[in-house]
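Engineer: What follows is a predicted protein model with its sequence.
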Amino acid sequence: MKKFSKRQKAIQEKIELGRDYLLEEALNLLKEVKSTKFDETVDVALRLGVDPRKADQMVRGTCSLPHGLGKEVRVLVFAKGEKEIEARDAGADYVGGEEFTKKIQEGWFEFDRVIATPDMMAMVGKIGKILGPRGLMPNPKVGTVTFELADLIKNIKAGQVEFKVDKVGNLHVPVGKISFTAEKLLENTQAFIDAVTRLKPSTSKGVYLKNISVSSTMGPGLSVTLNR
């Protein structure tokens with residue numbers, strides 16, 4: 001018979017298997033069952049009624065979380081000349097060109113988001129097969145290929161998240177830290193859900209938002225009711 005740790009038993013006592021929780025309840029419950037010493041990340045996962053294999057049903061975009069992510073976001077910018085200076089002044093962690101493509105090819109990934117000016121995309125394209133699978137490739141559709149660097153860098157630093165539906169219709173993003181108040185986590189989560197809802201493809205038929213769940217790094221995954 002499988003033995004459960006004290007932490008697992010405590011979680012089982014508080015959680016009802018098979019139950020869908022109101023979003024507020026689920027977030028409060030994640031905070032209640034936390035037993036780790038570090039500040040866990042809270043994640044939200046959505047399952048959408050789209051077929052990502054069809055170009056007109058690809059859901060991707062960005063969302064500015066009203067209360068940020070609660071962590072430092074490291075930004076790498078591919079730019080040169082005046083735009084390199086602009087990126088540095090706006091707070092980018094790394095700014096440059098070919099020296100960073102070489103570092104990435106050698107296995108360097110000490111960054112969370114990547115931005116590029118349009119004139120640098122030929123160079124960045126050489127590492128597309130490395131950045132793409134990690135969701136880091138700059139893309140004009142979500143605004144990360146642009147000459148307007150200052151505001152974008154500041155928004156990302158303030159807690160803007162980027163999302164893209166995977167091949168089976170799922171979206172997954174962090175919405176803050178477990179140390180946040182439940183109210184802040186709720187407002188961040190609602191902002192993300194609203195952003196995804198606004199991007200519903202006109203060709204998507206039937207139920208668009210099929211499932212919502214929330215979880216923390218070491219905590220359980222909780223299903224959220226779609227009634228609200």
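Structural biologist: Yep, that arrived. Numbers count the residues shown, from 1 in each chain.
Engineer: The residue nearest to the spatial centre of the chain: helix or strand, and which one exactly?
Structural biologist: Using Cα atoms, centre = their mean, the residue of the chain that lies closest to the mean C-alpha position is residue 173, 3.2 Å off. If you go by DSSP states H and E, residue 173 is part of strand 170-177.
Engineer: and that strand, what does it pack onto?
Structural biologist: strand 41-48, strand 160-164, helix 182-198 (3 or more Cβ pairs under 8 Å, 6 or more residues apart in numbering; DSSP states H and E). Just so you know, the C-beta spots here come from the backbone N, C-alpha and C atoms, and that holds for glycine as well.
Engineer: looking at the ones you listed, which is buried most?
Structural biologist: strand 41-48 (a mean of 21; mean count of other Cβ atoms under 10 Å).
Engineer: So what touches the following helix or strand past it?
Structural biologist: As assigned by DSSP H and E, the chain's next helix or strand after strand 41-48 is strand 60-64. The contact list for strand 60-64, computed with Cβ atoms under 8 Å, 6 or more residues apart in numbering, reads 139, 141-143, 155, 158-165, 173, 191-192, 195-196, 199.
Engineer: where exactly do the helices run in the protein?
Structural biologist: All helices of the chain, identified by DSSP state H, fall at 6-14, 23-33, 82-89, 98-105, 121-124, 128-131, 149-158, 182-198.
Engineer: Quick one: closest of those helices to residue 40.
Structural biologist: Closest approach to residue 40 among the helices of the chain is made by helix 23-33 (8.4 Å; Cβ to Cβ).
Engineer: Can I get the closest one as CSV, trimmed to CA atoms?
Structural biologist: The C-alpha coordinates for helix 23-33 follow below in CSV (Å, rounded to 0.1, in the frame of the first residue of the first chain):
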residue,chain,number,x,y,z
LEU,A,23,-11.6,30.5,-8.9
GLU,A,24,-11.4,32.4,-5.7
GLU,A,25,-11.8,29.2,-3.7
ALA,A,26,-9.1,27.4,-5.7
LEU,A,27,-6.6,30.1,-5.2
ASN,A,28,-7.3,30.4,-1.5
LEU,A,29,-6.9,26.6,-1.2
LEU,A,30,-3.5,26.6,-2.9
LYS,A,31,-2.4,29.1,-0.3
GLU,A,32,-3.8,27.0,2.5
VAL,A,33,-2.1,23.8,1.6
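Engineer: Done for today, thanks.
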